[in-house]
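Undergrad: only geometry, no sequence info:
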């Protein structure tokens with residue numbers, strides 16, 4: 001076999017997807033997790049895998065695991081979509097290949113794109129092609145699991161989420177995820193002045209000869225959102241420029257764009273700890289921007305936000321027309337910080353609970369989206385709009401509580417000072433009260 005001349009370079013998450021696929025092929029089973037109100041915990045059990053399907057080579061391929069009478073894997077057969085056998089390897093060979101790849105990957109410490117020794121031969125042998133799953137698909141692979149009675153189940157799609165590096169996205173920012181929130185009449189010019197007064201800390205990138213946003217504890221995005229809340233500038237009119245994203249949101253609910261835009265504004269304000277969707281949802285219910293009334297608000301907003309999260313995790317993207325099907329209906333394969341692989345098998349209610357507990361709003365690259373967190377004016381109608389790009393990540397579901405004064409991932413703590421990503425809240429006053437005071441929904445509490 002002849003490897004490609006140029007080494008294959010991938011980021012940490014992409015390598016971990018290949019690692020997860022190879023682990024399934026080498027071990028033939030996946031440890032399982034169950035959902036709790038604080039995240040996930042191992043069940044000390046596992047599920048057996050009959051076959052794995054992927055389209056990483058550009059063609060649909062099935063990786064079939066043959067087993068002996070006791071259920072132990074003996075051989076891996078790679079099949080074309082029409083059932084034609086392409087390759088066949090002994091279980092020992094697959095295990096050795098996985099162990100070599102695991103060792104080589106474990107010796108790399110890079111965060112950005114990097115090469116792994118021996119990857120070219122591995123990709124060629126197992127027909128992984130580019131190693132990337134198609135960007136139009138939510139599922140990273142499809143699995144046929146073996147039920148406890150030994151019967152193979154129906155093939156189901158799974159997404160792979162890795163927590164070895166940066167937290168993975170369930171809804172990645174792009175030009176397609178832009179949401180525009182109209183500002184109230186008479187507030188536009190004042191809003192622009194407030195935005196201009198809150199500028200990001202900057203540093204000079206000498207290599208590029210341009211200015212880039214620098215890191216730091218101060219979160220200028222949060223400061224801008226807070227300033228417009230203080231101005232009572234936000235309305236419930238939302239524009240979604242990307243037609244596909246607009247239609248996808250409308251398929252979930254006719255008011256979904258308003259719900260998600262307002263939820264995101266709460267999530268990028270100082271009233272919510274580290275962008276928590278669960279805290280933002282509580283604010284959404286209390287504020288009730290659609291005027292549903294206390295009798296219906298909790299049921300409606302909770303149902304819609306949970307449905308959106310499930311759709312975002314399992315099937316819907318912003319750039320592609322969505323038909324309502326959840327491609328990754330099987331759930332998630334989760335890679336922990338030490339590259340152990342787990343299968344999250346949960347019912348609809350438990351899966352939504354997991355997503356709500358672990359997801360948070362994140363700020364995309366402000367160098368890539370020049371209008372992000374800015375106010376622009378529509379020259380034709382004279383309306384003012386605040387620009388945001390939706391990005392949602394998952395926190396590490398394995399992380400435990402940090403003790404008093406800390407915050408476990410996915411756990412709400414409504415009274416705190418400055419959070420790790422620069423959000424601030426008034427100590428002694430709940431996050432909910434802080435934002436509701438800004439909106440004059442409750443009186444100021446001394």
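TA: Thanks, I have it. Everything numeric here is computed off the predicted structure, so don't read it as measured data. Numbering: from 1, shown residues only.

Undergrad: alpha carbons only for contacts and neighbour counts from here, please
TA: Will do.

Undergrad: all helices of the stretch 101-250 of the chain, in order?
TA: Under the criterion DSSP state H, counting those that start in this stretch, helices of the stretch 101-250 of the chain are mapped to 119-125, 188-197, 220-230, 243-252.

Undergrad: out of those helices, nearest to residue 272?
TA: helix 220-230 (10.0 Å; C-alpha to C-alpha).

Undergrad: mean confidence for the closest one?
TA: Helix 220-230 carries an average pLDDT of 95.

Undergrad: and it, which residues are buried?
TA: Residues 220-229 are the ones in helix 220-230 that count as buried (16 or more other C-alpha atoms under 10 Å).

Undergrad: assumed residue 100 was part of a strand.
TA: No. Counting by DSSP: H, G, I helix; E, B strand; the rest coil, residue 100 is located in no strand; its state is helix.

Undergrad: tell me the contacts of it?
TA: Taking C-alpha atoms under 8 Å, 6 or more residues apart in numbering, we find residue 100 in contact with no residue.

Undergrad: let's see that with 10 Å instead.
TA: Counting by C-alpha atoms under 10 Å, 6 or more residues apart in numbering, residue 100 touches 94, 106, 117-119, 122.

Undergrad: ok, back up a step: I'd like the buried residues of helix 220-230 as a markdown table, with distance to residue 300 appended.
TA: Listed next are the buried residues of helix 220-230 as a markdown table, based on distance: C-alpha to C-alpha, whole Å:
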| residue | distance to residue 300 |
| --- | --- |
| 220 | 32 |
| 221 | 29 |
| 222 | 27 |
| 223 | 30 |
| 224 | 29 |
| 225 | 25 |
| 226 | 26 |
| 227 | 28 |
| 228 | 26 |
| 229 | 24 |
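
Undergrad: can you tell me which of those residues is closest to residue 166?
TA: Ranked by distance to residue 166 (C-alpha to C-alpha), these are led by residue 221 at 20.2 Å.

Undergrad: what about that closest one, distance to residue 387?
TA: Separation of residue 221 from residue 387 (C-alpha to C-alpha, to the nearest Å) stands at 11 Å.

Undergrad: show me which of the contacts of residue 100 are buried.
TA: Neighbour counting by 16+ other C-alpha under 10 Å classes 94, 117-119, 122 among those as buried.

Undergrad: quickly find the element holding residue 79.
TA: Using DSSP states H and E, residue 79 maps to strand 73-80.

Undergrad: give me the helices and strands touching that strand, please.
TA: On a contact count with 3 or more C-alpha pairs under 10 Å, 6 or more residues apart in numbering; DSSP states H and E, strand 73-80 meets helix 12-27, strand 39-54, strand 61-67, strand 85-90, helix 91-106.

Undergrad: what angle separates the fourth one from strand 61-67?
TA: For strand 85-90 and strand 61-67, the angle between their directions (axes from the mean of the first three to the mean of the last three C-alpha atoms, to 10 degrees) works out to 40 degrees.

Undergrad: pairing partners for strand 85-90, with directions?
TA: Using DSSP bridges, the strands paired with strand 85-90 are strand 73-80 (antiparallel).

Undergrad: circling back to that earlier point, how about the helices and strands packed on strand 73-80 in a markdown table, adding distance to residue 149?
TA: Shown next, in a markdown table, are the helices and strands packed on strand 73-80 (distance: least, C-alpha to C-alpha, whole Å):
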| stretch | distance to residue 149 |
| --- | --- |
| helix 12-27 | 20 |
| strand 39-54 | 11 |
| strand 61-67 | 15 |
| strand 85-90 | 26 |
| helix 91-106 | 23 |
